[in-house]
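Colleague: Sequence first, predicted model second:
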Amino acid sequence: MPGIAPDVISHKLTISSAYKPVRQKRRSYDAERYEAMRTEVEKLQTIGFIREATYPVWLANSVMVRKSTGGWRMCQDYTDLNKACPKDSFPLPRIDQLVDATAGHELLSFMDAYSGYNQIFMHPPDSEHTAFITDKGLYCYNVMPFGLKNAGATYHGGLC
């Protein structure tokens, strides 16, 4: 699976011990949404973005959102996990500073913005905290998913 080497950057969760882990209950959906969810889970498993989770402490719900094209997008509700993570105040880079920083260099590396978050791996001990529930089982992310509180700071930190 392509991506940025975990020894260069990985997404770590700093979970406050003041919060108790929350295991959200699975939502019910109609057959069309369940089928879309199964298809998405199979796709994510095939490319290695997710794996089956065993005994997760935190458990998020899968939420199916209608796309403008009429299809379905599977999202995870990390509201409870995000409450337990303090905000990372990494300053977002300014475009003029990024451009100036590349001047005089022969080699420019970049991350594909289309699948940007999915190029950064989760810190292995924190992977199980991204667990989510579907009608077919429990899964967790090997890569940084959308919806986590400090994912943007990790992504932008990897650009600098």
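Modeller: On my side now, so go ahead. Residues are numbered from 1 along each chain as shown.
Colleague: switch to C-alpha atoms for all contacts and neighbour counts from now on
Modeller: Noted.
Colleague: Can you show me the helices along this structure?
Modeller: Assigned by DSSP state H, the chain shows helices spanning 31-46, 79-84, 95-102, 124-127, 151-159.
Colleague: Name the residues that touch the second one?
Modeller: Residues from elsewhere that reach helix 79-84, judged by C-alpha atoms under 8 Å, 6 or more residues apart in numbering: 15-19, 21-22, 58, 148-149.
Colleague: Determine which two of the residues you listed are furthest apart.
Modeller: Spanning the widest gap among the contacts of helix 79-84 are Ala18 and Leu148, at 18.6 Å by C-alpha to C-alpha.
Colleague: When those two are compared, which one has more neighbours?
Modeller: When Ala18 and Leu148 are compared for neighbours, Leu148 comes out ahead with 18 against 7, by other C-alpha atoms under 10 Å.
Colleague: Can you tell me how far the residue nearest the centre of the chain is from Arg66?
Modeller: With distances taken as C-alpha atoms, centre = their mean, Pro145 lies nearest the centre of the chain, 0.9 Å away. Separation of Pro145 from Arg66 (C-alpha to C-alpha, to the nearest Å) stands at 19 Å.
Colleague: repeat for Asp7
Modeller: If you measure Asp7 against Arg66 using C-alpha to C-alpha, the figure is 37 Å.
Colleague: try Asp88
Modeller: 31 Å.
Colleague: For this protein, give me the ranges with low pLDDT.
Modeller: The model of the chain has pLDDT under 70 over residues 1-2, 90-95, 98, 105-117, 156-160.
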